[in-house]
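Asker: with the sequence up front, the predicted model follows.
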There are 4 protein chains.
Amino acid sequence: MTQKHVRAAIVGSTGYGGVELIRLLQAHPSVSIASVMSSSSAGAPIAEGYPHLTEICADTLEAIDPEEVRKKADVVFLATPHGVSAELAPKFLEAELKVVDLSGDFRLKSAETYRRWYKKEPPPQAYVDRAVYGICELFGQDVAGASFVSNPGCYATAAALGLYPAVQAGWIDPDTIIIDAKSGVSGAGRGLSLVHHFSEINENFKAYKVNAHQHTPEIEQTLARAADRPVTLTFTPHLVPMTRGILCTMYAKMTGEYTDEVFVELYRQFYEGRPFVRVRKPGTYPATKEVFGSNYCDIGFAADPRTGRVTILSAIDNLVKGAAGQAIQNLNLMMGWEETRGLTFAPVYP
Amino acid sequence: MTQKHVRAAIVGSTGYGGVELIRLLQAHPSVSIASVMSSSSAGAPIAEGYPHLTEICADTLEAIDPEEVRKKADVVFLATPHGVSAELAPKFLEAELKVVDLSGDFRLKSAETYRRWYKKEPPPQAYVDRAVYGICELFGQDVAGASFVSNPGCYATAAALGLYPAVQAGWIDPDTIIIDAKSGVSGAGRGLSLVHHFSEINENFKAYKVNAHQHTPEIEQTLARAADRPVTLTFTPHLVPMTRGILCTMYAKMTGEYTDEVFVELYRQFYEGRPFVRVRKPGTYPATKEVFGSNYCDIGFAADPRTGRVTILSAIDNLVKGAAGQAIQNLNLMMGWEETRGLTFAPVYP
Amino acid sequence: MTQKHVRAAIVGSTGYGGVELIRLLQAHPSVSIASVMSSSSAGAPIAEGYPHLTEICADTLEAIDPEEVRKKADVVFLATPHGVSAELAPKFLEAELKVVDLSGDFRLKSAETYRRWYKKEPPPQAYVDRAVYGICELFGQDVAGASFVSNPGCYATAAALGLYPAVQAGWIDPDTIIIDAKSGVSGAGRGLSLVHHFSEINENFKAYKVNAHQHTPEIEQTLARAADRPVTLTFTPHLVPMTRGILCTMYAKMTGEYTDEVFVELYRQFYEGRPFVRVRKPGTYPATKEVFGSNYCDIGFAADPRTGRVTILSAIDNLVKGAAGQAIQNLNLMMGWEETRGLTFAPVYP
Amino acid sequence: MTQKHVRAAIVGSTGYGGVELIRLLQAHPSVSIASVMSSSSAGAPIAEGYPHLTEICADTLEAIDPEEVRKKADVVFLATPHGVSAELAPKFLEAELKVVDLSGDFRLKSAETYRRWYKKEPPPQAYVDRAVYGICELFGQDVAGASFVSNPGCYATAAALGLYPAVQAGWIDPDTIIIDAKSGVSGAGRGLSLVHHFSEINENFKAYKVNAHQHTPEIEQTLARAADRPVTLTFTPHLVPMTRGILCTMYAKMTGEYTDEVFVELYRQFYEGRPFVRVRKPGTYPATKEVFGSNYCDIGFAADPRTGRVTILSAIDNLVKGAAGQAIQNLNLMMGWEETRGLTFAPVYP
């Protein structure tokens, strides 16, 4: 094990995605943390801004320098905001490093769609084309051996894992899909804003970016691969007064008289050999706390003969399966390791 | 003002609905609390189980005796569970008291529907027929002068206020309605259960009673009045780790090319003169904290030309507009008072 | 009642203290809101930043101009930060307006003490001397007829109400007083900071400003009046992951063998005729939720013969009895009204 | 690694302590879970009551039978309530199993003290005497090689780790110690009670068992070993509206003019080589979220020359260092392993 160590650098280490990568990688048996980088806090020990890492990660934040990184790392995780990854990823790739990008910059394959939803210019198309979109359970075969992976969005992961098998099987009508999504507040990151001020969001529940969230086209792009035709859907994100967790409640018209039992069977077959997706038994539904701190995605079903609709529910921890955990799962696949390596910890409950 | 005092008795005073009635009635200018009753705790001061009422409500809980109540009260609020109201309401009505029932026993006009969703025998049909279903802003004219009002369910209030005008106007297709509802935990009452144990539900988000909640047919019954034909819809309740508040996110296909602006206009006209419904300006959505502790229902819209669907959002405090507040609003209408009497307090924010 | 209306202006209306004044004053029977002022947001409707006030307070924020205020108001509430009140209060006083200042600027009578704890220059001593320190239940006789009241700090109110009678009676040794205080996050106001970012403080508990909080000398100054000699004590504030509420747990050596029962008796006599202090019966302790949204201060005792110490607990809502509610209570006393006017609402529970 | 596997049985697997043992042991490199037992739920899969363990722990709960356990396990963890451990521990010890008891039954060495605080008869004194009290960083040398360890209480762990070095050094006066402790609600376990009902404790803060908590004599017993004379102290537990975490704020008179810096130095020397105690640098204080989910105990200091008192703060996760984590740390010492084995995971933040 010792000689196979991969050395990882983390850019954007002062955000929640970056710090979650540190938590997970420090326990990974085959990866060491070679460098933690930050444009804003270079020179400070990471534990100064994150005292929970005291005596765990003694590293000092470094400035971002691809040539320097090349000397000490094999892979770079970009936990950087939209726009920043677009600039950094090509540089690290040119320095012949493997790159896993956690931002949205390389997820949308259509430049026009990117412009419309992100309200900015996309990265060069050649890099966009090169980036493998890494929902491991759906496109893991593309990830194996790749050098550049675009890590999916948190909502997009939960929604796609919940809908893909049913769309692919033709059991639901893609034109009727509605995704009502709820997220803990950590999904918004560490940047200050009145919306995420404790006294404003505690004991509060509300929607935001209705019909305007940038994960909408990302989910549509994924489901189009399942449906083999364009998909247009409705997506509403909400903020839950809690820190971690996403629950997606998803609705669609069924194309036949399917039951909870056959949905469970369909999904268990689809996700066979994929330990991070847990298809819950009929009559039970996922809860965010049951995946807290872990890389699991739990899925449940409620097919309703009265309305002809099925309700599909999926839950993840937005910072693990929705960000850092899936990024490491992607690294595992890129390296040819089993996808669970370093990720087999149980949810923290209660 | 003094000689017009109405004397109110509250049955089921040890539940959250009952204790919220005490909070609101003690500040009502035209109503005095004549008796607080409880089958389980008779003999104990109300402030023993609810110390926040110390020196506010000195009353001792009394056993339930309609003949005794007749002597000292004019109106009875039944904050009792399903099944209990079915037995008590006829007795209080025979004792010639006005009755506002907060349970679900008299809401559904069809005995068959009641049996199917409540899994028990309905009350005698004559009493069901006599009960006026009291969503004040929709059916206030029926309430005026009534002696027996069935107070609507919390989810049913938020959903119906949000959907009724659009259904009545024919702007949305009733066959496509999906209601994704989220509630604070107080909606489940004070009875102990593992689901509502703090460590289980804190930092957790999940659905429950998917496709099986008894407010589903109640909403369908109300919207059928708007559509003038039967309505079948999908309804999913969720638990939010907070105490008070309901947000309904509601989806439907639009029948034409309507915008947020015309929805706002339609609703403002519909609810003109109804101060407890606040139609929010285009581009803004309700939040539960903005109605916390108050009798308001806030409504917002997001019409999406991309999908042809509209998303309608409504928020209430489940214990006020969803229970005790609306019950008092109904009493105001029954007495011929302005509907805001005793209810003009602002939300508690933050 | 109508012609006796007092017109109030609120400066600093965009903070939590200011907006709580609006909530309470809009329901006050003898006070109307004449102007809401803000240096930062003048020109915007108050409901834009605080949508919960939609259709409740239609006022537009105005710039701060004492001469203008003089024309339309009788009293000014300064819900402004330390330093700002120091500048504004003299101007409003010169304009012959009554002033209630919610900041800490005029609370400490010693300039040296102010400098030491506030780390800035105090206001002119003449104004400091003129300001009546208004804990109504302790110094209400000073407030009656005053034109300038310095409203006490939130922690200082809870601590002083809990300790004053015991110190005055000589039942506890002032040299042994330790105050362990816990506050909801709204006490920190609406200004953004990482400490009060939801994901940082949710599910977190910690101390801050240990031995350095500016309410320490304020409590010492009050208790010195009870002890008739200087008092030096230990005070530790903590942040609780909730929005409202303060609980003070206070420790001191008893000077004799006192029991819970005699403490209750002592305090009930001391606070007789003061309805906002509720001395809880022996063996029961206050809880913040039992005063939420109300102007009450609940107090309980645990005298311990084993250690010779008494533990005194007091609870308030930091934004009501700890800020806006007590400010209105002070206004009531200044005007010669009963002190409960406009403040007799019950706590919101649960 | 494979042949050194120790097989562990867990009794009381349906409580929070038991389920946390499962979470931690499933990731321990040298221990396998041989049996999960429950008196109340025998026959049911553990994942039925704890769905977060789906596909992680497939075990079915078994009835408690020491003879059966003897065949398949080497060590037994008793995560059982007070009184139950008293009966079970002797039986498992007679069956020649190693035992780690997480209850309070064997912590207090004085039968009289046990009777006074637990209000019941203590276990046979011979077993009490045999039980090694296992705060690893203080009494680790006693634990090495022991066959029966009494795992300390959650509050007792946080308090003792924070006070022991200062008492032993004679820097604080043991007669002046006051411990103001705050705990998340999971410390109360999974049993239902109104106090821990979500709507009652959410957004609430209060004390309980003031001067009456059974961890009081446990802390006194530990500190008496440090002081080499009896210690009597004041201890107040509080409930924080969060799930996990304990913060102890501890006060005492200093015996000299000590500073934060020398306290840090004293404690760093005392805890040298003990990686789970993190002595925080001067001017910084622990926070419960910074140890969430981990086995760390963080300690900070605020020495105050003004009052002559020092405030010592310590934070732990009550279910890890306060229960299951320390139990495994004790097992590691009993087996002669390094004490960190299986416990080197970072806190989950945010």
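Answerer: Yep, it's here. This structure is a prediction, so every number in the text was calculated from the model and none was measured. Residues are numbered from 1 along each chain as shown, chains lettered A, B, ... in the order given.
Asker: touching chain B at all, stretch A:14-33?
Answerer: No. Taking C-beta under 8 Å from any C-beta of the partner chain as the criterion, stretch A:14-33 and chain B are apart, separated by no less than 15.7 Å. Every C-beta, even on glycine, is put in place using the N, C-alpha and C of the backbone.
Asker: buried residues in that stretch?
Answerer: Across stretch A:14-33, burial judged by 16 or more other C-beta atoms under 10 Å in any protein chain shown covers A:14-26, A:28, A:30-31, A:33.
Asker: please list the residues of chain A that sit near chain D.
Answerer: A:16, A:19, A:22-23, A:26-27, A:50-57, A:186, A:203, A:243-244, A:275, A:278, A:280, A:284, A:287, A:289-294, A:298, A:344-350.
Asker: kindly provide the whole-number mean pLDDT of stretch A:253-268.
Answerer: The pLDDT scores in stretch A:253-268 average 98.
Asker: first to last residue in it, what's the distance?
Answerer: Using C-alpha to C-alpha, to the nearest Å, the span of stretch A:253-268 from its first residue to its last is 21 Å.
Asker: repeat for stretch A:111-131
Answerer: When the termini of stretch A:111-131 are compared using C-alpha to C-alpha, they are 14 Å apart.
Asker: buried ones in that stretch?
Answerer: A:113, A:114, A:117, A:118, A:122, A:123, A:127, A:128, A:130, A:131.
Asker: next: stretch A:322-339.
Answerer: A:322-335, A:337, A:339.
Asker: helix or strand next in line after the one helix or strand in chain A whose mean pLDDT sits lowest, which one?
Answerer: Taking mean pLDDT, DSSP states H and E as the measure, helix A:66-72 is the helix or strand of chain A with the lowest mean score, a mean of 93. Following helix A:66-72 in sequence order, the next helix or strand is strand A:75-78 (DSSP states H and E).
Asker: that following strand pairs with which strands?
Answerer: With DSSP bridges as the test, strand A:75-78 is paired with strand A:6-11 (parallel), strand A:98-101 (parallel).
Asker: neighbouring contacts of it?
Answerer: Under the criterion C-beta atoms under 8 Å, 6 or more residues apart in numbering or on different chains, residues A:6-12, A:18, A:21, A:69, A:84-85, A:88-89, A:92, A:97-103, A:327, A:331, A:334 lie in contact with strand A:75-78.
Asker: quick check: which element contains residue A:158?
Answerer: Applying DSSP H and E as the criterion places residue A:158 in helix A:154-169.
Asker: and that helix, is it in reach of chain C?
Answerer: No. Using C-beta under 8 Å from any C-beta, helix A:154-169 stays clear of chain C, with a minimum separation of 14.0 Å.
Asker: any chance you could map the strands in the stretch 101-250 of chain A?
Answerer: A:132-133, A:148-150, A:178-183, A:206-207, A:234-239, A:246-253 (DSSP state E, counting those that start in this stretch).
Asker: and residue A:282, how many neighbours?
Answerer: Neighbour count for residue A:282, taken as other C-beta atoms under 10 Å in any protein chain shown: 16.
Asker: give me the pLDDT for it.
Answerer: If you check residue A:282, the pLDDT there is 97.
Asker: which element is it on?
Answerer: Here residue A:282 is assigned to no helix or strand, by DSSP H and E.
Asker: got it, and residue A:87?
Answerer: Using DSSP H and E, residue A:87 falls within helix A:84-94.
Asker: by contact count, what packs against that helix?
Answerer: If contacts are counted by 3 or more C-beta pairs under 8 Å, 6 or more residues apart in numbering or on different chains; DSSP states H and E, helix A:84-94 sits against helix A:66-72, strand A:75-78, strand A:98-101, helix A:125-130.
Asker: for the stretch 1-150 of chain A, give me the ranges with low pLDDT.
Answerer: Applying pLDDT under 70 to the stretch 1-150 of chain A flags residues A:1-4.
Asker: so who does whichever residue of it sits closest to chain D touch?
Answerer: Going by C-beta to the nearest C-beta, chain D is nearest to residue A:52 of the stretch 1-150 of chain A, at 3.9 Å. Applying C-beta under 8 Å, 6+ apart, we find residue A:52 in contact with D:289, D:290, D:291, D:292, D:294, D:346, D:347, D:349.
Asker: the second one and residue D:349 touch, don't they?
Answerer: Yep, that's residue D:290 we're talking about. Yes. In this structure residue D:290 lies within contact range of residue D:349 using C-beta atoms under 8 Å: 6.7 Å.
Asker: got the angle between the helix holding residue A:87 and strand A:6-11?
Answerer: 150 degrees (axes from the mean of the first three to the mean of the last three C-alpha atoms, to 10 degrees).
Asker: that older thread, chain center to the least confident helix or strand of chain A: distance?
Answerer: Chain-centre distance of helix A:66-72: 26 Å, with C-alpha atoms, centre = their mean, to the nearest Å.
Asker: check stretch A:237-253 too.
Answerer: The chain centre lies 14 Å from the centre of stretch A:237-253; the measure is C-alpha atoms, centre = their mean.
Asker: rewinding a little: including mean neighbour count, could the strands of the stretch 101-250 of chain A go into JSON lines?
Answerer: What follows is the strands of the stretch 101-250 of chain A, written out as JSON lines (neighbours: other C-beta atoms under 10 Å in any protein chain shown):
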{"stretch": "strand A:132-133", "mean neighbour count": "22"}
{"stretch": "strand A:148-150", "mean neighbour count": "26"}
{"stretch": "strand A:178-183", "mean neighbour count": "26"}
{"stretch": "strand A:206-207", "mean neighbour count": "24"}
{"stretch": "strand A:234-239", "mean neighbour count": "24"}
{"stretch": "strand A:246-253", "mean neighbour count": "25"}
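Asker: same list, those, but as TSV with distance to residue C:228 please.
Answerer: Shown next, in TSV, are those (distance: least, C-beta to C-beta, whole Å):
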stretch	distance to residue C:228
strand A:132-133	76
strand A:148-150	73
strand A:178-183	58
strand A:206-207	54
strand A:234-239	53
strand A:246-253	61
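Asker: around chain B, pick out the residues from the stretch 51-200 of chain A.
Answerer: Counting by C-beta under 8 Å from any C-beta, the stretch 51-200 of chain A comes close to chain B at A:178, A:180, A:182, A:184, A:199, A:200.
Asker: widest-spaced pair of those residues?
Answerer: A:178 and A:199 (32.0 Å; C-beta to C-beta).
Asker: show me which residues of the stretch 151-300 of chain A sit near chain C.
Answerer: Going by C-beta under 8 Å from any C-beta, the residues of the stretch 151-300 of chain A near chain C are A:184-186, A:188, A:190, A:192-194, A:196-203, A:241-243.
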